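Student: fold the following for me, if possible:
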Amino acid sequence: MKRLMIISTLWTALSLTGAALAADAETSASAGGFRGDRNGTATATASYEGDVGFARTNSRSGRVDVARGVAVGFDEDGLSLSISNAIDPRFGPAIATNFNISIDRDGDVATSGGVSLANGPGYRQVSAGGSTGAGFIQPHATSFASGDTDARGHVIASTRSYSSPRRVPIRVIHEPRPEPRRVIVLRGR
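Tutor: All right, here's what the predicted structure looks like:
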């Protein structure tokens, strides 16, 4: 029992250490308000964890409510990028998108994305976001998308994710070309 406890403690410590050293990036963006109103809202978040990277947000409200978050993190485990956008014009539907990609040092890739569209005669609000990281074992990527409208509106939201193991390099073996065949034609007299 003691041996099992030591092994599980070591595994937990290794997992947490890998998660803490991973290149992680996370963003979200949301925008919304009443149709035709200049007092909408727009918010964005962005964060990264890694040796090198940056996180930026930009949001403004007014005639068009716009929010954007971008985060990039890079360290010895790999590269992670997350981008989220949201826009709510005074007239027309509100839309939010998110895209995440992570590539670890072995060439494994994980991506995810989400989109949300909300349209209604009165109030509408959209948000999208996600996170990605090049972790201890393999990269991961998650996304979310949501929206809200008044009773007569509608929301369409979808997310997707994909992961791909590293590609095995293809090695081309060059074989020597065979000697060209010479054909000699003898004509009889």
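
Student: beyond the helix or strand bottoming out on mean pLDDT in the chain, next helix or strand please.
Tutor: The least trusted helix or strand in the chain, going by mean pLDDT, DSSP states H and E, turns out to be helix 2-21, with a mean of 43. Counting by DSSP states H and E, the next helix or strand C-terminal to helix 2-21 is strand 23-34.

Student: now that following strand: how far from the chain's centre is it?
Tutor: The chain centre lies 13 Å from the centre of strand 23-34; the measure is Cα atoms, centre = their mean, to the nearest Å.

Student: how about stretch 144-160?
Tutor: Worked out by Cα atoms, centre = their mean, stretch 144-160 lies 20 Å from the chain centre.

Student: for burial, what's the neighbour tally of Thr43?
Tutor: Thr43: 17 surrounding residues under other Cβ atoms under 10 Å. Any C-beta I mention is one placed from the backbone N, CA and C, and that applies to glycine too.

Student: partners of the helix or strand where it lies in the sheet?
Tutor: Using DSSP H and E, Thr43 maps to strand 41-49. Sheet pairing for strand 41-49, assigned by DSSP bridges, gives strand 23-34 (antiparallel).

Student: just want the angle from the helix or strand following the strand holding Thr43 to strand 41-49.
Tutor: The helix or strand immediately downstream of strand 41-49 is strand 52-60, counting by DSSP H and E. Computed by axes from the mean of the first three to the mean of the last three Cα atoms, to 10 degrees, the angle separating strand 52-60 from strand 41-49 equals 180 degrees.

Student: list phi and psi for Pro178.
Tutor: phi -70, psi 150 (degrees, to the nearest 10).

Student: ok, it to Ile184 distance?
Tutor: Remark: distance between Pro178 and Ile184 (Cβ to Cβ, to the nearest Å) = 18 Å.

Student: what sits against Asn100?
Tutor: Shown in contact with Asn100 (Cβ atoms under 8 Å, 6 or more residues apart in numbering): 25, 80-83, 110-113, 130-132, 141-143.

Student: repeat the analysis, applying 10 Å as the threshold.
Tutor: 25-27, 71, 80-84, 110-114, 129-133, 139-143, 161 (Cβ atoms under 10 Å, 6 or more residues apart in numbering).

Student: repeat that for Asn85.
Tutor: Contact partners of Asn85, counting by Cβ under 10 Å, 6+ apart, are 27, 29, 31, 44, 58, 66-70, 95-99, 115, 128.
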